[in-house]
Every structure is written in C-alpha cells, then in structure tokens.
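Asker: next come a sequence and a model predicted from it.
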Amino acid sequence: MTANHNRACFSLELRDVTHHYGRHLAINQIEIFLKKQNILCLLGPSGCGKSTVLRLIAGLEKLQQGEMYIEGHLVANSHISIKAESRGVGLVFQDYVLFPHLTVAQNIAFGLGKLAQKMRQERVEYFLDIFHLHDCGHLYPHTLSGGQQQRVALARALAPQPKLLLLDEAFSSLDVRLRSYVREQTLEVIRKLQTTVIMVSHDPIEAMEMADEIAIMRAGRIIQIDSPYQIYHNPKSEFVAEFFGETSSVITVCHNGMAESYWGHIPVPNEFHHVNQVKLMIRAEAFYQTDDASLGVRARIHDVRDLGRMVKVHLSIDELPEPYFFYAVLTEPVYQPKDAYIRIAVDPKRVVVFPIG
Ligand code: ADP
C-alpha cells in the first residue's frame with residue numbers, strides 16, 4: 001500500500017505538531033493517528049495544551065510546525081492552511097454558545113445551508129429526535145435548561161455530518177447528574193452516526209467512560225496514548241498512574257519476579273525481573289478488608305468518609321519503623337471508630353510496579 005492509502009484509514013493524523021504562544025512552548029512534537037469512528041480523549045491537568053490541540057485541528061490557530069491530515073487530505077502545515085469552515089470539523093465548547101435570536105430548530109439548521117429545504121427540515125427533525133428535543137424546536141435557547149442547551153449545541157455541531165467532532169470540556173458546565181445523562185446520550189448518538197471524535201477532559205472518569213483511546217498529556221507532550229484499560233492497568237509512568245486517583249507508594253526489594261513487601265508478594269512484570277528494587281504504587285481501590293490473619297496487615301483508622309457507594313478511609317500502619325499513612329477506598333462499610341484497628345490486604349492486580357535503578 002502507498003503512504004496515501006495508509007493515510008486514508010485515519011480520520012486524523014497529526015505529525016510532529018509543535019506550537020508556541022510567543023516564547024511559551026504550548027505543544028511539543030505531538031503525534032496522533034486517529035482511526036475512523038474512534039473516540040480519542042485528551043486528558044491532562046489544566047494548562048498542559050489540550051485545548052490548543054483542538055484549536056489547531058479546528059483551524060482556529062495557525063499551524064507553526066508539523067503536518068495535519070483529515071481523512072487523508074493535508075489541511076495544514078507551516079505553509080498551507082485550509083480554512084476552518086472547509087475542514088469538515090464540528091466544535092462544541094464548554095460554554096455552548098447558541099444563537100440567542102434563533103430557535104432551537106434554526107440553531108440546528110445553521111450549518112445546513114447547502115441542503116435543499118426539505119432535506120434540511122428532515123435533518124433538523126432527525127436531530128431533534130435523537131437528542132430527545134422533539135418539543136423544543138420552536139423554543140428560543142434562553143427558555144431551555146442547561147442540559148437541553150448543551151444537547152442543542154451538540155445537535156448543531158453534528159447536523160452537518162462533520163468528518164471530526166471536537167468536544168472541548170463539553171460536559172463540564174453541567175451538574176453531576178445531568179452531566180452523566182447528557183454524556184450517555186451523546187455517546188449513543190455518536191455511536192449511531194459513527195462519528196469520529198476528539199474530546200478534551202480533565203476528568204479521568206469521563207475519559208474512561210467515553211473514549212476508545214486516551215492520550216495523557218503533560219506540559220505540551222503526549223506521554224501515553226492507549227486504551228482506557230491499558231492506561232489504568234499498565235501506566236508507563238508514575239504521573240499516569242497518579243492521574244487515576246490516590247495511590248500510596250512502597251519501595252521494596254525484588255526476588256525471582258516477586259516484590260517482597262509487608263503487603264505480601266506482588267508479582268513483577270517480566271520486563272522488570274532483572275531489577276533488584278521496585279516501587280509499588282498501590283491504588284486506593286486496591287485495598288480490601290479481611291479477617292484472614294494470614295493476609296495483609298493491621299491498620300489503624302484515622303478517618304472514615306462515607307461516599308455512598310464506597311468508603312474512603314485514612315489509615316496508618318504503626319508497626320513499621322516509620323508510621324506509614326495511606327488512603328483506602330473500600331466497598332464494604334467500616335463500623336469501627338477512629339483509632340480502632342482493621343485488617344487490610346492488597347489486590348496485587350491493582351498494584352502498579354515501576355523499576356528503580
Ligand atoms: P489546557 O487546555 O490543557 O488547559 P491550553 O491549551 O489552554 O491548555 O494552554 C496551554 C498553555 O498555553 C497554557 O500554559 C496556557 O496558559 C497557554 N496559552 C493558551 N492559550 C494562549 C494564548 N492565546 N496566548 C498565550 N498563551 C496561551
């Protein structure tokens with residue numbers, strides 16, 4: 001196959017993309033190859049460059065270095081820049097800016113000027129329907145709830161059938177319950193329409209729920225791009241491991257493929273069998289309560305927070321030379337008071353191992 005044929009498998013290809021704002025390096029040699037109908041989530045702390053990547057793809061920022069292809073066609077390099085409106089990209093921001101003087105139906109029809117009247121009307125009806133907005137077509141945006149307005153914004157972006165849909169923190173301004181509802185609905189529509197999506201989020205749960213692939217960004221770089229499963233279970237760095245919630249660390253010796261810690265023997269991945277020392281990063285949800293005296297260690301309770309579905313407990317192990325404090329997220333209730341002891345063990349499958357030295 002020629003390079004062009006390969007290129008055509010991807011909805012989006014970014015090569016060596018670097019971007020400065022003045023002297024500030026915001027994006028540093030990013031590469032993305034996004035397959036058709038996939039959802040990629042750029043995930044990372046505030047200021048790491050997520051929105052800049054979306055702005056470059058949308059054509060709202062001029063590409064300074066690198067190359068960008070959409071469905072195999074070059075849309076930008078340091079000399080060429082196809083106009084934003086000709087890239088076939090739909091964009092939805094956190095602040096869904098609807099046209100206040102247009103009705104919901106007119107907002108959705110906005111990008112459909114090229115279609116004949118009848119087809120335009122059918123397309124609007126279809127999008128009102130799939131976003132459960134049947135009764136809202138004649139209403140003006142200010143009369144709608146936040147969740148409805150966001151669904152209109154999504155319908156407006158999807159109605160022209162973009163090659164790529166870009167979602168920039170599109171759900172963050174909604175309250176928790178509504179956020180999860182709009183997210184589910186959006187996912188359903190995206191799957192139905194087989195749309196390729198790049199979304200930006202700082203919320204690991206949102207990324208895990210929606211994305212086929214997650215790209216973890218840090219200081220302008222993508223440091224790992226993988227499936228949600230791989231990102232969670234096989235993070236390539238401590239930064240990625242820590243992004244998915246609290247962890248506690250133990251440095252320990254390693255013999256015959258086993259890390260020997262007070263939590264018991266933890267298997268070490270084959271590739272690290274040659275090292276003598278490893279760092280174990282234990283996720284808060286890796287801990288569980290046990291009555292089995294042959295398992296785990298005795299831990300003292302400092303604080304118990306009931307989170308409904310789970311309990312977050314601040315614990316310490318007193319029997320070590322230096323007291324060791326950690327958080328555990330447990331699925332079973334904790335009835336014991338502060339300063340009582342409970343027995344805590346670790347599920348080795350939820351421990352991430354990094355070599356030392
Ligand atoms: P994120 O979306 O991950 O929060 P951004 O892409 O918005 O990050 O920003 C990346 C970096 O570039 C940040 O340090 C931010 O302050 C800076 N930045 C973003 N936009 C501009 C701009 N228009 N002018 C100057 N600096 C900017």
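Answerer: On my side now, so go ahead.
Asker: only C-alpha atoms for contact and neighbour calcs from this point on.
Answerer: Will do.
Asker: return the set of buried residues in stretch 40-57.
Answerer: 40-44, 48-57 (16 or more other C-alpha atoms under 10 Å).
Asker: is the ligand contacted by that stretch?
Answerer: Yes: contact of stretch 40-57 with the ligand (C-alpha under 6 Å from any ligand atom) involves 46-52.
Asker: please apply the same query to stretch 76-96.
Answerer: No: for stretch 76-96, no contact with the ligand is found by C-alpha under 6 Å from any ligand atom; the gap never falls below 11.4 Å.
Asker: quick one: mean pLDDT over that stretch.
Answerer: Averaged across stretch 76-96, the pLDDT comes to 90.
Asker: distance from that stretch to the middle of the chain?
Answerer: 22 Å (C-alpha atoms, centre = their mean, to the nearest Å).
Asker: and stretch 348-355, which residues are buried?
Answerer: Quick answer for stretch 348-355 (16+ other C-alpha under 10 Å): 348, 350-355.
Asker: reformat those as a markdown table; add distance to E31 and secondary structure.
Answerer: A markdown table is the format used below for these (distance: C-alpha to C-alpha, whole Å; DSSP: H, G, I helix; E, B strand; the rest coil):
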| residue | distance to E31 | secondary structure |
| --- | --- | --- |
| P348 | 34 | helix |
| R350 | 30 | helix |
| V351 | 29 | strand |
| V352 | 26 | strand |
| V353 | 27 | strand |
| F354 | 25 | strand |
| P355 | 27 | strand |
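Asker: in CSV, list the residues you listed along with pLDDT and distance to the ligand.
Answerer: Formatted as CSV, the buried residues of stretch 348-355 follow (pLDDT from 0 to 100; distance: C-alpha to the nearest ligand atom, whole Å):
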residue, pLDDT, distance to the ligand
P348, 91, 33
R350, 90, 28
V351, 94, 28
V352, 94, 26
V353, 94, 28
F354, 94, 27
P355, 93, 29
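Asker: model confidence for the residue of the stretch 151-300 of the chain found nearest the ligand, exactly?
Answerer: Residue nearest to the ligand within the stretch 151-300 of the chain (C-alpha to the nearest ligand atom): G220, separated by 7.0 Å. If you check G220, the pLDDT there is 98.
Asker: count of neighbours near it?
Answerer: 22 (other C-alpha atoms under 10 Å).
Asker: which residues of the stretch 1-150 of the chain score low on pLDDT?
Answerer: 1-5, 96 (pLDDT under 70).
Asker: flag every residue of it that's near the ligand.
Answerer: Residues of the stretch 1-150 of the chain lying near the ligand (C-alpha under 6 Å from any ligand atom): 21, 26, 46-52.
Asker: out of those, list just those in strands.
Answerer: Using DSSP state E, 21, 26 are the members of those that sit in strands.
Asker: got the CA coordinates for stretch 133-143 in CSV?
Answerer: Only the C-alpha atoms of stretch 133-143 are listed here, as CSV (Å, rounded to 0.1, in the frame of the first residue of the first chain):
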residue,chain,number,x,y,z
LEU,A,133,-35.7,17.6,21.9
HIS,A,134,-38.9,16.9,19.9
ASP,A,135,-40.9,19.5,21.7
CYS,A,136,-38.3,22.2,21.7
GLY,A,137,-37.8,23.0,18.0
HIS,A,138,-39.8,26.3,18.2
LEU,A,139,-38.3,27.5,21.5
TYR,A,140,-35.5,30.0,22.0
PRO,A,141,-32.3,29.0,23.8
HIS,A,142,-32.8,31.1,26.9
THR,A,143,-36.0,29.2,27.7
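Asker: which residues sit against that stretch?
Answerer: 98-106, 125, 128, 148-149 (C-alpha atoms under 8 Å, 6 or more residues apart in numbering).
Asker: stretch 209-223 too?
Answerer: 25-31, 38-45, 47-50, 183, 187, 207-208, 224-228, 231, 240.
Asker: just the helices in this structure please.
Answerer: In the chain, the helices defined using DSSP state H lie at 3-8, 50-58, 104-109, 117-130, 146-158, 176-193, 204-210, 228-233, 238-243.
Asker: quick check: phi and psi at G257.
Answerer: Backbone torsions of G257, given as degrees, to the nearest 10, read phi 80, psi 10.
Asker: OK, contacts around G264?
Answerer: Here G264 is in contact with 295-296 (C-alpha under 8 Å, 6+ apart).
Asker: still on that earlier bit, okay, among the residues of stretch 40-57 next to the ligand, which ones form the most distant pair?
Answerer: Greatest spacing in these, by C-alpha to C-alpha: S46 and T52 (11.5 Å).
Asker: ok, P337 touching I301?
Answerer: Yes: taking contacts as C-alpha atoms under 8 Å, P337 lies within contact range of I301: 7.3 Å.
Asker: give me the more crowded residue out of the two.
Answerer: I301 (20 against 12).
Asker: I'd guessed K36 sits against A8; true?
Answerer: No: with contact defined as C-alpha under 8 Å, K36 does not reach A8; the gap is 9.3 Å.
Asker: domain parsing for this protein?
Answerer: 4-88+162-240, 245-355 (automatic domain parsing).
Asker: as a markdown table, those with distance to Q121 would be great.
Answerer: Converted to a markdown table, those look like this (distance: least, C-alpha to C-alpha, whole Å):
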| stretch | distance to Q121 |
| --- | --- |
| domain 4-88+162-240 | 18 |
| domain 245-355 | 45 |
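Asker: contact partners for L187?
Answerer: M210.
Asker: ok, it to N256 distance?
Answerer: Distance check for L187 against N256: by C-alpha to C-alpha, to the nearest Å, it reads 45 Å.
Asker: cool, I225 as well?
Answerer: 31 Å.
Asker: in the stretch 251-357 of the chain, which spans are strands?
Answerer: Remark: strands assigned in the stretch 251-357 of the chain by DSSP state E, counting those that start in this stretch are 258-261, 264-267, 277-283, 287-289, 297-306, 311-317, 324-330, 341-346, 351-356.
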